[in-house]
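Q: Sharing a model that was predicted from the sequence below.
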Amino acid sequence: RHDSVFHQLQVLFSALSLFRGGSYLPKAFWHSFKDYDGSPIDIKEHQDAYEFFTRLQDFVDQHLRSTNQAPAMQNVMGGRFVQQIICKDVEFRSEREEDFYQISVDVKGKSSLEKSLESYVAGELMEGENAYYCEQVGRRVTALKRTCIKELPQTLVIHLKRFEYDHLNMTRYKVRERFEFPSSLDIFKYTADGLAALEDSTARMASMSAAQQQQQRPRNYYLYELQGIVMHSGTAFAGHYYSYVKERPRVSAETGEVIDGKWYIFDDKVVRPWDPCNLELDCYGGRSASGNPRDGERAYSAYMLFYERKDSACFERTEVKLPEGAGQAKAQQQQQGTAVPATASAEEPDADSSSSSSSSTLMTPYGMPRQLYKDVLHHNLGIAKNIHVYDKEYFRFVKNVVDGRVEAQLAARKSRRRRDNLALAAGAGPASSGGSGSGKAGGMSIAATAAAAGGAGGGA
């Protein structure tokens, strides 16, 4: 379990959700994440964030498939490309589809994301000696070969190819050119539907039946909103990664209105608000807008972009604990897609399933496995203890608790002694029943014992 990337990812997310410390150090996650040789990654070496992200996607989906569960990464970030070969002289079109998790676009020589996507789907013209052999007509014909988007994911991940290889000098280098990208992205022009509509919109619409026209996707299907940016600062050999993340919108419990999320910068232990108005200054790279030739190209620029489809926005949930019937409610939430998928509970069996039914009705936050929830609470108690170690008010409180408990124990001890003395005086103690000899001697012995006990009790 300690070598499971999926389990350690659960531990990491549990800590990020409920951990009360200022930051969390994922040492166990580092150890579980192996390189291609099977060794733990060296965190002191400069790693590629894009390569790390793609391997993390593979680790998660491989684990879920091995446990007969739906691949979460593919369901959220997976789309489909279509490779098309369109003949120019004859009516023939060849198509082959393939899955993708992210799109890698060129930065060098491209001024913006739109220009790079246009170049991505433009394709190449196959003609002359490189003409396409069409089996339908049995000869080579001029054809257009291109790759475009067939199906779009809920979350569109775009990788900006900031690192290139110089074949002349045999070394890698970072492309620091200015590269613009929008906060709202319309991806329709770069899909198979969009390209077909641009090429022969009139003839295509006329040839389509009414049923086919109704099956067309709505316009919002192609509209995306920027939700996250992975930044890189440095060179191709050494640098630093940090992120800009927009929190999810939430619904006000009082008014029911949707409150848009704010942007934050996540830079190691530093988390602070960020103004998206500084997108150009902080993320585009290139030279500053001042035009001063002395100002060099910025060392920091965007490396990965995360867009989320507008019509599938997720809202921040407020987790609640239900006193009864929580098991049924949790099952309904999972069926409706409002709770975390059952991947968490499948990875971590419920250690308390055999306990009382009252405890099983309590839901953990975000549906996390119960053992992980207990571990986070245990760590939080340790943090609270460390915080209070040097707090005078805390020690004064502890002293008062201890003093009050000692006084209560002393009072209880005195009360027990008084009861014993009264019992001895009434002749219920061992001295009255075990005494021997004449009644006068016994009476004197009882009186002396009672007087001695009374004196001891008064002294106490």
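A: The structure has been received and is ready for your questions.

Q: hey, let's count contacts and neighbours off CA atoms from now on
A: Will do.

Q: where are the low-confidence patches of the protein?
A: 200-215, 289-295, 312-362, 428-460 (pLDDT under 70).

Q: Tally up the residues packed near Val175, please.
A: Applying other C-alpha atoms under 10 Å, we find 23 residues neighbouring Val175.

Q: I figured it hits Gly109, correct?
A: No. Taking contacts as C-alpha atoms under 8 Å, Val175 lies outside contact range of Gly109: 9.6 Å.

Q: Render the CA-only coordinates of stretch 55-74 in PDB, please.
A: This file holds the C-alpha atoms of stretch 55-74, laid out as PDB (Å, rounded to 0.1, in the frame of the first residue of the first chain):
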ATOM      1  CA  ARG A  55       2.500   9.400 -15.900                       C
ATOM      2  CA  LEU A  56       0.200  10.300 -13.000                       C
ATOM      3  CA  GLN A  57      -2.800   9.900 -15.300                       C
ATOM      4  CA  ASP A  58      -1.600   6.500 -16.400                       C
ATOM      5  CA  PHE A  59      -1.000   5.400 -12.800                       C
ATOM      6  CA  VAL A  60      -4.500   6.400 -11.700                       C
ATOM      7  CA  ASP A  61      -6.400   4.900 -14.600                       C
ATOM      8  CA  GLN A  62      -4.400   1.700 -14.500                       C
ATOM      9  CA  HIS A  63      -5.200   1.200 -10.900                       C
ATOM     10  CA  LEU A  64      -8.900   1.800 -11.500                       C
ATOM     11  CA  ARG A  65      -9.100  -0.500 -14.400                       C
ATOM     12  CA  SER A  66      -7.400  -3.200 -12.400                       C
ATOM     13  CA  THR A  67     -10.200  -3.000  -9.800                       C
ATOM     14  CA  ASN A  68     -13.000  -3.000 -12.500                       C
ATOM     15  CA  GLN A  69     -13.800   0.700 -12.000                       C
ATOM     16  CA  ALA A  70     -14.200   3.500 -14.500                       C
ATOM     17  CA  PRO A  71     -11.000   5.300 -15.500                       C
ATOM     18  CA  ALA A  72     -11.400   8.700 -13.800                       C
ATOM     19  CA  MET A  73      -8.800  10.600 -15.800                       C
ATOM     20  CA  GLN A  74     -10.100   9.400 -19.100                       C
END
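
Q: Next one: Cys283 from Tyr242, what distance?
A: Distance of Cys283 to Tyr242, computed by C-alpha to C-alpha, to the nearest Å: 11 Å.

Q: Give me the more crowded residue out of those two.
A: Under the neighbour definition other C-alpha under 10 Å, Cys283 and Tyr242 were set side by side, and Cys283 has more, 23 against 16.

Q: contacting residues for the more buried one?
A: Met231, Tyr300, Ser301, Ala302 (C-alpha atoms under 8 Å, 6 or more residues apart in numbering).

Q: Would you mind checking those for buried ones?
A: Among the contacts of Cys283, the ones that count as buried by 16 or more other C-alpha atoms under 10 Å are Met231, Tyr300, Ser301, Ala302.

Q: between these, which is closest to Glu393?
A: Met231 (43.8 Å; C-alpha to C-alpha).

Q: so who does that closest one touch?
A: Tyr241, Tyr242, Ser243, Tyr244, Cys283, Tyr300, Ser301, Ala302, Tyr303, Met304.
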